[in-house]
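**Student:** turn this into a model:
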Amino acid sequence: MLEINHPSIDIDLRYATPDNITGRPIYARAVALLHPDAHAALLRAANLAEGQGLCLRIYDAYRPSAAQQRLWEALANPVFVADPSRGSTHSRGVAVDLTLTDATGEPLEMGTGFDAMVPQSYHARTDIPVEAQRNRAVLLGIMTAAGWAHEPHEWWHYNLPDPLRYPLLDDVATVARLMGD
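**Tutor:** All right, here's what the predicted structure looks like:
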């Protein structure tokens, strides 16, 4: 696992704060990690965004299985949260939740907030402002050009194609860095 660190990437791990669907922190530390393949793809995306005067803001990356369980307990809805018994793309280290910001660090309008578990969070919605539709399309273009696949129900979620070829990761050192164990 590699820690995300790039000048065009801002880390705002929501699960290290109470500003998430659980209402409480589920990570003890704000450490954003990815599998090396996902890390390389994210750096490609950051460079593409930077070329457009934009930056990436990361809301989540690798997620230990214990954290996935906490999310499932808060919202056991498989449309938005992967069943921890089956594993998550985040728990494989090949998924990232993110948005775009302008050069000043202001997030672009996306029509809903991160982790808004509502139909308006789906890609290709026309019942959100036109500006948000455009911004989602820009994010989609950047991420797919960098090698990512999108999650149709969450504008903020991208994972590497064929994520099941990557094993679930729960090594003790990595989990301790995030969960404070």
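**Student:** now the strands for this structure?
**Tutor:** Counting by DSSP state E, the chain has these strands, from start to end: 2-3, 9-11, 33-34, 55-60, 95-101, 149-151, 154-159.
**Student:** what pairs with the residue nearest the centre of the chain across the strands?
**Tutor:** Nearest residue to the geometric centre of the chain (CA atoms, centre = their mean): residue 97, 1.1 Å. Beta-bridge pairing for residue 97 (DSSP bridges): residue 60, residue 157.
**Student:** tell me, how many residues neighbour residue 91?
**Tutor:** Counted with other CB atoms under 10 Å, residues neighbouring residue 91 total 24. Glycine gets a C-beta too; all of them are placed from N, C-alpha and C.
**Student:** for it, which residues are in contact?
**Tutor:** Shown in contact with residue 91 (CB atoms under 8 Å, 6 or more residues apart in numbering): 62, 63, 64, 65, 68, 82, 84, 168, 169, 170.
**Student:** same list (those residues) but as a markdown table, adding distance to residue 131 and neighbour count.
**Tutor:** Below are the contacts of residue 91 laid out as a markdown table (distance: CB to CB, whole Å; neighbours: other CB atoms under 10 Å):
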| residue | distance to residue 131 | neighbour count |
| --- | --- | --- |
| 62 | 31 | 29 |
| 63 | 30 | 27 |
| 64 | 36 | 25 |
| 65 | 38 | 17 |
| 68 | 33 | 23 |
| 82 | 30 | 17 |
| 84 | 36 | 20 |
| 168 | 38 | 16 |
| 169 | 37 | 20 |
| 170 | 40 | 13 |
